Structure formats: C-alpha cells, structure tokens
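Undergrad: just to be clear, the model below is a prediction. Sequence and coordinates:
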Amino acid sequence: MSDTIVAGAGRSRPRSALLLGLGLVLFAILLGLGTWQVQRLHWKEDLLATIDKRTHAAPLPLADIEKEFAASHDVEYMPVTVTGTFLHQGERHFFSTWEGDSGFNVYTPLKLDDGRFVLVNRGFVPYDLKDPAKRPKGEVAGQVTVTGLARNPLPAKPSMMLPDNDVAKNIFFWKDRDVMAATAGLPAGFLLVPFFIDADKTPNPGGLPVGGVTIIDLPNNHLQYAVTWYGLAAALAAVLILRLRRPAKQA
C-alpha cells in the first residue's frame, strides 16, 4: 500500500511542477500586460495634453503650419487659417458617422492663391445627401477663408480590418490623401499641401456639410485596464502561493 502511495506521489510531482511553471509564465504575462497599459496611460495622457494645448491655441497662417510640418512632420490638431477657392466638382467622400447617423465627411480641394491645393474636410453630410446636387446651397462659390485644424496624412492603411477604398464609387474608408487628390480632377502637375485641414463648426450655407466633426475627446481607459491585469496577476499569485504551501501542510 505504501509503495502505491509513493508511486502516486512521484507521478504528481512532475505534473505539479509543470502547472507551477505554467502559472509563473502566465503571471509574468499578466504583469507585462499591466505594465504595458501603464506605459500606454502615460502616452495617452501626454497626447491628450498636447491636443488640449494645440486646440486652444490661436489659428496660424498656412505658411507657419507648413514650416512646422517640414520640421517635425507633426501638425496634428494645430489650428490653421487658409484662404482659397473650393473645387466642388472634386469632392471626395470619406465614410463616417456623426451623432448616430451614417454618411460621409466631404473632402474638397481648396485652390490657393499660389496655385497649389489643400484637401479640406468641410464636414459631415447624411448618407442620402452624398450627391452634391442635393445640397446646392453648400457649394460655396468664390474665395473663402477656412479656419480649422491641421491633420497629419496617413502613411498607409491603418488596419487590415478596414475595407479597401472604393475609388470608382467615390467612397473612402481610410484617408488616402494621394489617391483622393489624384482622383479629384485636379490639373496635371498639381501641387498638394502635405496635410489635411478639418474645417471648424462655422455653419455652411444651407447647413451642410456640418463642420467641426474632428474627434478630439479620445478615450482613456488604460488605468482600468492596468488595474484589471495587475488584479488578475495578484489573484494568480495567491493561487500559486497556496498551491506551494499545501504539500508542507500535508507532510
């Protein structure tokens, strides 16, 4: 009988060691995830502080924003003012939602006095008003001055989960600045400002597009994620400690 007990105990030791090893690996992973979320928290807090500082600054002329972009390649959310003439026939439509409705953000080429162009996100229109002929009052003619926020161009498609842009139907699921400009009917050899501008909420004639759609209130849930991962790590540590102490109590 004692030989049987000893044999059984011998077989359980490797299994216990394996479970302990797996537990330690999982504990390290949970700690790593918690630490990563703390790092993300600091990054998000710095980002939100930068956004708040920039969005509350006075608008700068386009030339100043261009100098900043040339130096740092980062002009995200910097207020800017620009004057030019819209080429409404070149509207590009970015699929979006606004206040629960699906539709499009209207990106329109603005021709500058020096002959260059900049793509301006004039704002949101409902899905069934994608056709500019259905909102003629908003097709402003002549020279206009636009105040808004500069937005960095995207270097590539931000996620494989996004559909490909349907250029033939003029529906963009991600903001491919170069393709938007290339398909907007601009003159051959056109020069393009290397970033977007999101127009502010100054009302357009007829009420469309609805400006001021830039999302600046970014979610920041990293602290609760960190607490969750660290909490799970603490719970696992308690289980491992109890498991290690159990043989000593039985001896």
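TA: Received it, and whenever you're ready, just let me know what you need.
Undergrad: tell me where the model's unsure across the stretch 101-250 of the chain.
TA: Within the stretch 101-250 of the chain, the segments meeting pLDDT under 70 span 218, 246-250.
Undergrad: tell me where the stretch 101-250 of the chain has strands.
TA: With DSSP state E, counting those that start in this stretch as the criterion, the stretch 101-250 of the chain has strands at 101-112, 117-126, 143-151, 196-199.
Undergrad: pull the shortest one out as PDB, backbone CA atoms only.
TA: What it means is strand 196-199. Taking C-alpha atoms only, strand 196-199 is exported to PDB below (Å, rounded to 0.1, in the frame of the first residue of the first chain):
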ATOM      1  CA  PHE A 196      -5.400  67.800 -44.500                       C
ATOM      2  CA  ILE A 197      -7.400  70.600 -42.900                       C
ATOM      3  CA  ASP A 198     -10.600  69.800 -40.900                       C
ATOM      4  CA  ALA A 199     -12.900  72.900 -41.100                       C
END
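Undergrad: contacts for it next, please.
TA: 80, 82, 107, 110, 118-123, 146-153, 175, 177, 211-214 (CB atoms under 8 Å, 6 or more residues apart in numbering). (C-beta placed from N, C-alpha, C; glycine too.)
Undergrad: stretch 38-55 now?
TA: Contacts for stretch 38-55 (CB under 8 Å, 6+ apart): 76-79, 149, 216, 218, 220, 222-223, 225-226.
Undergrad: how much space is there between Leu20 and Ala235?
TA: Remark: distance between Leu20 and Ala235 (CB to CB, to the nearest Å) = 16 Å.
Undergrad: go on, Asp52?
TA: Counting by CB to CB, the gap from Asp52 to Ala235 is 37 Å.
Undergrad: can you check Val38 too?
TA: 19 Å.
Undergrad: tell me which of the two has more neighbours.
TA: Remark: of Val38 and Ala235, Val38 carries more neighbours, 17 against 12, as counted by other CB atoms under 10 Å.
Undergrad: isn't there a strand covering the more buried one?
TA: No. Under DSSP: H, G, I helix; E, B strand; the rest coil, Val38 sits outside any strand and is assigned helix.
Undergrad: residues touching Trp98, list them.
TA: For Trp98, counting by CB under 8 Å, 6+ apart, the contacting residues are 124, 210, 213.
Undergrad: list the residues that contact the second one.
TA: Spelled out, it's Val210. Contacts of Val210 by CB under 8 Å, 6+ apart are 98, 123-125, 201, 204.
Undergrad: out of those, which are buried?
TA: Among these, those classed as buried by 16 or more other CB atoms under 10 Å are 98, 123-125, 204.
Undergrad: rewinding a little: dump the strands of the stretch 101-250 of the chain to a markdown table, plus distance to Glu45.
TA: Converted to a markdown table, these look like this (distance: least, CB to CB, whole Å):
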| stretch | distance to Glu45 |
| --- | --- |
| strand 101-112 | 28 |
| strand 117-126 | 27 |
| strand 143-151 | 20 |
| strand 196-199 | 23 |
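Undergrad: what's the separation between the residue nearest to Gly148 when sequence neighbours are not counted and Thr145?
TA: Counting by CB to CB, 6 or more residues apart in numbering, Ala199 is the residue found nearest to Gly148 once chain neighbours are left out, at 4.3 Å. Separation of Ala199 from Thr145 (CB to CB): 11 Å.
Undergrad: alright, I will stop here.
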